[in-house]
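Asker: Need a 3D model of the following:
(one chain, ligands or ions: 1)
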Amino acid sequence: MLEYAVLYHSETGNTAKIASAIFSQLPGKSKDLMQINLSEPIPEAAVYFVGFSVNRGTCCMEVADLLSELHEKKVSLFATCGANPIPEYIKEVESKVKVWLDDDNEYCGFFLCQGRMQAKARDRWEGIRNKENARHIDAMLRNFEEAKLHPSTEDLKNAIEFAKARI
Ligand SMILES: Cc1cc2nc3c(=O)[nH]c(=O)nc-3n(C[C@H](O)[C@H](O)[C@H](O)COP(=O)(O)O)c2cc1C
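Answerer: All right, here's what the predicted structure looks like:
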């Protein structure tokens, strides 16, 4: 059995960057870094870091399935999202994803930072912008620009600190 497994789902590479940063700081050689692929067996480990990109406020089914397979493990979650990750949003996402984890695990916490969004999100907002929604859409567009800068060096540093406190 491995000491550590870092398993993640990442469509466009943001969460993969966090996963690699966490993995690089795990001590020793008894560790694995893997994209979640349900057709492959989950590596057996004592400590898991499970990552995902926030999709409609939660994780994708692949991550939910994987989490529900874990028993009697130490499990930490990490993710990236397009929105500004204010504490309320972090709690909201965490509570939706944590439900997949059985109580026999030791849940160790959640790290969330912003991640660059796909250009089609900006195109969609620009396409629906009108007089009534301009304020709201402009805020979304400003956030899109901010998200382009993430995950930043600071985000990676914070993710590493989060992981180090859990090993
Ligand atoms: C289909 C879809 C749904 C998304 N839903 C959300 C969401 O609900 N909240 C959010 O903040 N970001 C959302 N995003 C943005 C992604 O979470 C964000 O860009 C993330 O960093 C992508 O990570 P990845 O590169 O690891 O795939 C969504 C993106 C896509 C493509």
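
Asker: Once you drop chain neighbours, what's closest to residue 162?
Answerer: Nearest non-adjacent residue to residue 162, counting by CB to CB, 6 or more residues apart in numbering: residue 111, 4.2 Å away. For the C-beta atoms, the positions are set from N, CA and C on the backbone; glycine is no exception.

Asker: Note down every partner strand of the host helix or strand of the one you found and its orientation.
Answerer: Here residue 111 sits within strand 106-114, counting by DSSP states H and E. As defined by DSSP bridges, the strand partners of strand 106-114 come to strand 74-81 (parallel).

Asker: Go through the strand it pairs with and flag the buried ones.
Answerer: 74-81 (16 or more other CB atoms under 10 Å).

Asker: and the ligand, which of these contact it?
Answerer: Filtering the buried residues of strand 74-81 for proximity to the ligand (criterion: CB under 6 Å from any ligand atom) leaves 80-81.

Asker: For the buried residues of strand 74-81, give me a markdown table that also has distance to residue 88 and pLDDT.
Answerer: What follows is the buried residues of strand 74-81, written out as a markdown table (distance: CB to CB, whole Å; pLDDT from 0 to 100):
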| residue | distance to residue 88 | pLDDT |
| --- | --- | --- |
| 74 | 26 | 98 |
| 75 | 23 | 98 |
| 76 | 21 | 98 |
| 77 | 17 | 98 |
| 78 | 18 | 98 |
| 79 | 15 | 98 |
| 80 | 17 | 98 |
| 81 | 13 | 98 |
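
Asker: sorry, back to before: wait, isn't the residue nearest to residue 162 in contact with residue 161?
Answerer: No. Counting by CB atoms under 8 Å, residue 161 is not a contact partner of residue 111; they are 9.0 Å apart.
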